[in-house]
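Student: How does the following fold in three dimensions:
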Amino acid sequence: MAEPRIGGGPGNTSPEYQTKSVLLAGSAITKGQVVAIDTSATSTAIGYTVVPAASGAAGTACVVGVALEAIASGGWGEICTGGYCATVNTDGSVAAGEYLVAHTVAGECDTMAEGEEAQVFGWATAGDVDTVDTVVAFIFRRM
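Tutor: I've put the predicted structure just below:
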């Protein structure tokens, strides 16, 4: 019989389902920031360089995940690209059950508004009820 694992099934308090990618930071990134592929990266680095995502900002609106750690500019770090993510930075107004999109402030998420359906990258499983402005979310895999 297999050994039980924390987060491995029903009733566990720490879900372990998560897809991670190790990507290059095009600028400094803090834990919990929403990130997008940096389309301004050089041809040798495009496709695996990420920057904090911001709606309306050229080249940063297509969210691919959330930083699982602080990453210095030019450094490599883990990004949650799908599944459970315990820390996602918000604009302070996200409620449980809402769909998430990039906010105008780089690295933060906001709730989806009408016409933003194609920008959705995740779903908040809890609201940001504290002063830290983070939520627990399920990230939809895009890479």
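
Student: any idea how far Thr125 is from Val135?
Tutor: Separation of Val135 from Thr125 (Cβ to Cβ, to the nearest Å): 8 Å. The way it works is simple: take the backbone N, C-alpha and C, and place the C-beta from them, glycine included.

Student: Same check on Thr81?
Tutor: Separation of Thr81 from Thr125 (Cβ to Cβ): 17 Å.

Student: Can you get me a residue count around Arg142?
Tutor: 13 (other Cβ atoms under 10 Å).

Student: Common neighbours of Val135 and Thr125, please.
Tutor: Shared contacts of Val135 and Thr125 (Cβ atoms under 8 Å, 6 or more residues apart in numbering): Ala96.

Student: Quick check on those two: which one has the bigger neighbour count.
Tutor: When Val135 and Thr125 are compared for neighbours, Val135 comes out ahead with 27 against 16, by other Cβ under 10 Å.

Student: the strands in the chain, which residues?
Tutor: Secondary structure of the chain by DSSP state E: the strands cover 18-25, 34-37, 49-52, 63-67, 76-89, 99-102, 109-111, 122-124, 134-139.

Student: Now render those strands as a markdown table, adding mean pLDDT.
Tutor: A markdown table is the format used below for those (pLDDT from 0 to 100):
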| stretch | mean pLDDT |
| --- | --- |
| strand 18-25 | 93 |
| strand 34-37 | 94 |
| strand 49-52 | 93 |
| strand 63-67 | 95 |
| strand 76-89 | 95 |
| strand 99-102 | 95 |
| strand 109-111 | 94 |
| strand 122-124 | 96 |
| strand 134-139 | 94 |
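
Student: and Ala106, what are its phi and psi?
Tutor: In terms of degrees, to the nearest 10, the main-chain angles of Ala106 are phi -50, psi 130.
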